[in-house]
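J.: just a sequence and a predicted model for now, questions to come.
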2 protein chains.
Amino acid sequence: MATRWGLCGAGKISHDFSVAMKTLPPGDHQIVAVAARSLERAQEFAKKHSIPKAYGSYEELTSDPEIDMVYLGVLHTEHWRVGLLVLQAGKNMLCEKPFAMNSREVGDLIAASKKSNVFLMEAIWSRCFPLHREVRRLLAEDAIGDVKLVKASFGSPQLHILRSVEKELGGGALLDIGVYTLQFVLMVFNGERPESIHATGVLLNSGVDESMVVVMKFPRNRLAICFFSIAVSLPNDATISGTKGTIRVLGPMHCPTTLEVNGKMTQYPLPEPSLPLNFTNSTGLRYEAEEVRQCLLKGLKESPKMPLSESALLTEVMDECRKQVGVVFNQDSQ
Amino acid sequence: MATRWGLCGAGKISHDFSVAMKTLPPGDHQIVAVAARSLERAQEFAKKHSIPKAYGSYEELTSDPEIDMVYLGVLHTEHWRVGLLVLQAGKNMLCEKPFAMNSREVGDLIAASKKSNVFLMEAIWSRCFPLHREVRRLLAEDAIGDVKLVKASFGSPQLHILRSVEKELGGGALLDIGVYTLQFVLMVFNGERPESIHATGVLLNSGVDESMVVVMKFPRNRLAICFFSIAVSLPNDATISGTKGTIRVLGPMHCPTTLEVNGKMTQYPLPEPSLPLNFTNSTGLRYEAEEVRQCLLKGLKESPKMPLSESALLTEVMDECRKQVGVVFNQDSQ
């Protein structure tokens, strides 16, 4: 039986998610409804992607009994509010990154999922890419010896995009793209908690972070460096340096298709999209959709690829970085 | 008239320096003498490199009136002691990096050079490479817009080398290779003083640094990241990210021959050595030798490519990094 999806949000990422879904067998995944704040917008989206139902409110979608799983693709300032609606309605949910604005909000979402006994996962799609299965295998097999240093960077000039720079829209480099570099580090260190975190950053006039460098020290003398910026291009890649070799995830590190292990490259090509996409490599959203399906089939309430404990840790690390650099959202004082 | 050089030290770097000199016109540069702690070793070196005179002590060399310029290639724990000998004897000096063990020692060397009114330069050979003329030109012409972030990294597994790991021999990643990444950042920011420095590191049992990450913030919201290790291989390269483009100095960044500006590569090939070398690309030592000659011909007492003020700042930054990470040399308590 197909997993029956409902989409909350009819924006750019929901578009790409819908296109990515079309690369999967229709017997496995169906998008049965889409909801937006405006019915017209939802209807337009539904028409474009041949989705049977369109709703002009998230409440309508969450009460649709045909839906097994909600994809939450609204602005992340709305993840907490709309996410709680979804979870309290007893729906499983895949929630776009960043999970929410801070640890309090993420904690509420996790608690709501446990109370409703539903599946919940932060949509860190990177972790579901086939390439990452190989990275995890190599690390588990100690293929590059003791990991000593992990580096991940991502920089993309987007000061012209309102969503990226306005504080009320949850702007800043950290929550938008820095999250990818941090989650990579946490993946390599298998969800271990860093011993120390130090963030140095540069703010925009709006009060959000333009660029940041985060250095973490992990137990057993292991270091990690993340740097990211919405002002300039930076290498969008990641390197794991071990005593016996190096693993490189080539750009784009957040949706990667090229792995280099001790100089040897392997490609993990993506399927072609049937419509133009908004974001790089985003037919790769198919992998997280399929991960969700597999988890549901096994009766899991979270994904081992991105467990809720790791989402919570990731958010804690981001809270700490924002605190050190001086980025405060309205949500932080609630 | 040729610049008449005397070499203090008959080790690996003096070997490479002598080989590099042979790629320059003999009418411009002559090595007239070499000194080592053992006369036999000096004689052997002199024979190998066809150097007329060999001395069994540095005192003898510094009192040789035929010598214009001393190349100080002894272990850096000895730079202060032997360097003072050289400068107090009224000789010009090119001093291998790191300049000395700490700011106190470097201050003494600079003071001695001023007192004797002689030329003094820290042998940051990287800065004399032809590629760097182009980097400086591009920066001066604002070719990549506002520089926002500079990254330099260098990692080379050398835990098997005694000099690299023993504290009494001035070991640790910072002084050996980290210095190259830091000097690159200071060059890009034209000797400006960082507003903040934060170092995170990992120590060996011997008490020296195995790996370190240094984050600096410069005035006008500019960031720099250096990371380096003697435990693992790391990308040995540097990136300057600006609002209008990117300059990459490809590996080996400390003696570079490949420059990439907005994706366009340019090669700056080195001459072939006449004898096998100990270090990568070290016929490139010719450029610092020629820089010294040009400074002397102009009557300069320091090089504009690596002014003494910048060597002093570089050492201050390294002192601060060591302090934060907990690397203390015997020389620090004197």
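T.: Nice, thanks for sending it over. Residues are numbered from 1 along each chain as shown, chains lettered A, B, ... in the order given.

J.: do you have the helices of chain A handy? List them.
T.: A:12-21, A:39-48, A:58-62, A:79-88, A:103-116, A:130-140, A:162-165, A:173, A:179-188, A:285-297, A:308-325 (DSSP state H).

J.: what sits against A:Pro219?
T.: A:192, A:195 (C-beta atoms under 8 Å, 6 or more residues apart in numbering or on different chains). Placement of C-beta: from N, CA and C, glycine included.

J.: which residues of the stretch 51-200 of chain A lie near chain B?
T.: Residues of the stretch 51-200 of chain A lying close to chain B by C-beta under 8 Å from any C-beta of the partner chain are A:148-149, A:151, A:153, A:155, A:157, A:196, A:198, A:200.

J.: redo that, cut-off 7 Å
T.: Neighbours of chain B within the stretch 51-200 of chain A, by C-beta under 7 Å from any C-beta of the partner chain: A:148-149, A:155, A:196, A:198, A:200.

J.: filter those residues down to the ones in strands?
T.: A:148-149, A:155, A:196, A:198, A:200 (DSSP state E).

J.: follow-up on the earlier one: tell me the most buried of the helices of chain A?
T.: helix A:173 (a mean of 30; mean count of other C-beta atoms under 10 Å in any protein chain shown).

J.: centroid residue for chain A?
T.: Taking C-alpha atoms, centre = their mean, the centroid of chain A lies closest to A:Ile124, which sits 2.8 Å from it.

J.: gap between it and A:Val325?
T.: Applying C-beta to C-beta, to the nearest Å, the value for A:Ile124 to A:Val325 is 22 Å.

J.: for the ones in strands among the residues of the stretch 51-200 of chain A next to chain B, pick the one with the most neighbours.
T.: A:Leu149 (27 neighbours; other C-beta atoms under 10 Å in any protein chain shown).

J.: quick check: beta-bridge partners of that one?
T.: As for beta bridges, A:Leu149 partners with A:Leu223, A:Ser241 under DSSP bridges.

J.: tell me who's in contact with it.
T.: A:223, A:241, B:211, B:227, B:229, B:232, B:234 (C-beta atoms under 7 Å, 6 or more residues apart in numbering or on different chains).

J.: which of those lies closest to A:Glu105?
T.: In terms of C-beta to C-beta, no member of these lies closer to A:Glu105 than A:Leu223, at 29.8 Å.

J.: hang on, that closest one packs against B:Val213?
T.: Yes: the pair A:Leu223 and B:Val213 qualifies as a contact (C-beta atoms under 7 Å) at a distance of 5.8 Å.

J.: which of those two has more residues huddled nearby?
T.: B:Val213 (29 against 26).

J.: any idea what that one is bridged to?
T.: B:Thr200, B:Phe227.

J.: hang on, the earlier thing: JSON lines for the contacts of A:Leu149, including pLDDT and distance to A:Phe45?
T.: Putting these into JSON lines (pLDDT from 0 to 100; distance: C-beta to C-beta, whole Å) gives the following:
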{"residue": "A:Leu223", "pLDDT": "98", "distance to A:Phe45": "45"}
{"residue": "A:Ser241", "pLDDT": "98", "distance to A:Phe45": "44"}
{"residue": "B:Ser211", "pLDDT": "98", "distance to A:Phe45": "49"}
{"residue": "B:Phe227", "pLDDT": "98", "distance to A:Phe45": "45"}
{"residue": "B:Ser229", "pLDDT": "98", "distance to A:Phe45": "50"}
{"residue": "B:Val232", "pLDDT": "97", "distance to A:Phe45": "48"}
{"residue": "B:Leu234", "pLDDT": "96", "distance to A:Phe45": "46"}
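
J.: follow-up on the earlier one: relative to A:Thr3, how far out is the residue nearest to the centre of chain A?
T.: Taking C-beta to C-beta, one finds A:Ile124 at 19 Å from A:Thr3.

J.: kindly report the same for A:Met265.
T.: On the measure of C-beta to C-beta, A:Met265 and A:Thr3 end up 34 Å apart.

J.: for chain A, which residues score under the pLDDT cut-off?
T.: The model of chain A has no residue with pLDDT under 70.

J.: next one: the residue located most distally from the centre of it from A:Ser50, what distance?
T.: Checked against the mean C-alpha position of chain A, the extreme residue using C-alpha atoms, centre = their mean is A:Lys244, at a distance of 30.7 Å. Plainly put, A:Lys244 is 51 Å away from A:Ser50 if you go by C-beta to C-beta.

J.: so what's the residue in the stretch 1-150 of chain A positioned nearest to chain B closest to, chain neighbours aside?
T.: Minimum separation of the stretch 1-150 of chain A from chain B (C-beta to the nearest C-beta) falls at A:Lys148, amounting to 4.6 Å. Distance criterion C-beta to C-beta, 6 or more residues apart in numbering or on different chains; nearest residue to A:Lys148, sequence neighbours excluded, is B:Val232 at 4.6 Å.

J.: hmm, back to that, next up, the contacts around the residue of the stretch 1-150 of chain A closest to chain B.
T.: With C-beta under 7 Å, 6+ apart, A:Lys148 has these contacts: A:222-223, A:241-243, B:211, B:229, B:231-232.

J.: before we move on, what about A:Phe184?
T.: Counted by C-beta under 7 Å, 6+ apart, A:Phe184 has contacts A:152, A:238, A:253.

J.: and it, how far is that from A:Ala199?
T.: Distance, A:Phe184 to A:Ala199, by C-beta to C-beta: 16 Å.

J.: again, but for A:Pro98
T.: 16 Å.

J.: go on, A:Val328?
T.: 14 Å.

J.: for these two, indicate the residue with more neighbours.
T.: A:Ala199 (25 against 14).

J.: pretty sure A:Gly172 contacts A:Phe329?
T.: No: counting by C-beta under 7 Å, A:Gly172 stays clear of A:Phe329, with 8.9 Å between them.

J.: who has more neighbours out of those two?
T.: A:Gly172 (30 against 20).

J.: show me which residues of the stretch 201-334 of chain A sit near chain B.
T.: A:202, A:211, A:213, A:215, A:217, A:221, A:223, A:225, A:227, A:229, A:231-235, A:239, A:241-243, A:246.

J.: so which of these are in strands?
T.: A:202, A:211, A:213, A:215, A:217, A:223, A:225, A:227, A:229, A:234-235, A:239, A:241-242, A:246.

J.: from these, which two are the most distant?
T.: Maximum distance among these (C-beta to C-beta): 31.5 Å, for A:Val202 and A:Gly242.

J.: who's more crowded, the two?
T.: It is A:Gly242, of A:Val202 and A:Gly242, that has more neighbours when counted by other C-beta under 10 Å, with 23 against 20.

J.: CA atoms only: put stretch A:225-241 into PDB for me.
T.: In PDB, the C-alpha atoms belonging to stretch A:225-241 read as follows (Å, rounded to 0.1, in the frame of the first residue of the first chain):
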ATOM      1  CA  ILE A 225      35.100  23.000  12.000                       C
ATOM      2  CA  CYS A 226      32.000  24.400  10.300                       C
ATOM      3  CA  PHE A 227      31.900  27.600   8.400                       C
ATOM      4  CA  PHE A 228      29.100  29.100   6.400                       C
ATOM      5  CA  SER A 229      27.900  32.300   4.900                       C
ATOM      6  CA  ILE A 230      25.000  33.900   3.100                       C
ATOM      7  CA  ALA A 231      27.300  36.700   1.800                       C
ATOM      8  CA  VAL A 232      29.900  34.800  -0.200                       C
ATOM      9  CA  SER A 233      30.500  31.500  -2.000                       C
ATOM     10  CA  LEU A 234      32.400  29.000   0.000                       C
ATOM     11  CA  PRO A 235      33.500  25.500  -0.800                       C
ATOM     12  CA  ASN A 236      30.300  23.500  -0.200                       C
ATOM     13  CA  ASP A 237      32.000  20.300   0.900                       C
ATOM     14  CA  ALA A 238      33.000  18.200   3.800                       C
ATOM     15  CA  THR A 239      36.200  16.400   4.800                       C
ATOM     16  CA  ILE A 240      36.800  13.700   7.400                       C
ATOM     17  CA  SER A 241      40.500  13.500   8.200                       C
END
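
J.: now do that stretch: distance to the chain's middle.
T.: How far stretch A:225-241 lies from its chain's middle: 17 Å, per C-alpha atoms, centre = their mean, to the nearest Å.

J.: no further questions, thank you.
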